[in-house]
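Peer 1: Build me a model:
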Amino acid sequence: MTTLGLLDGRPVPRTRLDARLAALRNGPRATALPQPGSSEDRQLARWVAQVLLTEALCEAVAADRNLPVVPGGPAHLDHQAAVELGSITAAAYEGSAAVRAVYEMVTADTDPSPTDIAHYRAMTTRPPAERWHLALPDGELEADPDTLPLALAEALRTASEGEWVTAGPWKAALLATCTTPEDDDPTPALRDAARRAAFVRWIDHERAQRLTLVEGLEHPGDPAQPDNHHRH
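Peer 2: Below is the predicted model of the structure:
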C-alpha cells in the first residue's frame, strides 16, 4: 500500500505515515505505545493517518490562500483546548504550523455573542467577598467572617484593629480586612472557546468534502471515542 489517503482526489503518500510512526517508535514515549501488530497498534496507525491528512489539508489551504506559515517548534495546548478541538485536530494543531496558520485565518473574526457573555457572567460571577486576616493564639489565618462563630465575629466587628477579644472559648484579634477582587473579564476565554468551536465546524466540513482514507485505514474515531465513520 503506497497511498495513505486522498486529498481532493489526489493521493497522499503512505511514506508520511511510515515516517511519523517510526518517529513515535523512536521517541521519548515509545514505551507507552501499543505492541506492534496489535489491534491497538492498528488503531494508532489510523489515528496518526487522520492527523497527517488533517495536516495535508491545511497545508493545501495555506498554499492556496498564501497564508504566512511560520516554521518553528510544536505548540502546546492546555487540556481544555485539546478536549474542545478533539484529539486528532489538537495533535495536528500542535505539530503543524500550517494548521495553526489556517486556524488563525478561519477564526480571525470569531467572537462570543453578547448573550454568551451575559450567560457566562450570570453563571460564574460572584459578588466581592470580605476576608479577615486574624491573629489566633497559635498563629494567623485568613477567613470569611461568615464562617466564624457568630459571637466571635460580632466581638471582632466592634473591637479596634489588632485588639484581642474573647467570645466563649474563642480568642482572636482582627489584624486587617480585605475584599476579594471581582472576576476577570470572561470575554478573552470565551473568544478562545468560540474560535475553537468554529474551527472544529470548519475542519469537519472540509474533511468530509476533501479527504478520504484508503481501504484498510478507515477512520475509527479518536482512540477514546470509537465510531464507524469511513470518510472525513
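
Peer 1: Spell out, range by range, the strands that occur in this protein.
Peer 2: 3-7, 10-13, 130-136, 139-143, 164-167, 170-179, 211-213, 221-222, 225-226 (DSSP state E).

Peer 1: Put together JSON lines for these, with distance to L85 and mean pLDDT on each row.
Peer 2: Any C-beta I mention is one placed from the backbone N, CA and C, and that applies to glycine too. Output for the strands of the chain, formatted as JSON lines (distance: least, C-beta to C-beta, whole Å; pLDDT from 0 to 100):
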{"stretch": "strand 3-7", "distance to L85": "20", "mean pLDDT": "93"}
{"stretch": "strand 10-13", "distance to L85": "21", "mean pLDDT": "94"}
{"stretch": "strand 130-136", "distance to L85": "38", "mean pLDDT": "92"}
{"stretch": "strand 139-143", "distance to L85": "39", "mean pLDDT": "91"}
{"stretch": "strand 164-167", "distance to L85": "55", "mean pLDDT": "95"}
{"stretch": "strand 170-179", "distance to L85": "38", "mean pLDDT": "92"}
{"stretch": "strand 211-213", "distance to L85": "17", "mean pLDDT": "91"}
{"stretch": "strand 221-222", "distance to L85": "11", "mean pLDDT": "41"}
{"stretch": "strand 225-226", "distance to L85": "13", "mean pLDDT": "35"}
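
Peer 1: in the chain, which residue is closest to the centre?
Peer 2: Nearest to the centroid of the C-alpha atoms of the chain, with distances taken as C-alpha atoms, centre = their mean, sits A81, at 1.6 Å.

Peer 1: can you tell me which residues contact the closest residue to that one other than its chain neighbours?
Peer 2: Spatial nearest neighbour of A81, excluding adjacent residues (C-beta to C-beta, 6 or more residues apart in numbering): R196 at 6.2 Å. By C-beta atoms under 8 Å, 6 or more residues apart in numbering, the contact list for R196 reads A81, E84, L85, T107.

Peer 1: S38: which of the strands of the chain is closest?
Peer 2: Of all these, it is strand 225-226 that lies closest to S38, at 15.4 Å by C-beta to C-beta.

Peer 1: Low-confidence stretches in the protein?
Peer 2: 1, 182-184, 216-232 (pLDDT under 70).

Peer 1: what about the helices in the protein?
Peer 2: 15-25, 39-65, 79-85, 87-95, 97-107, 114-124, 150-158, 187-210 (DSSP state H).
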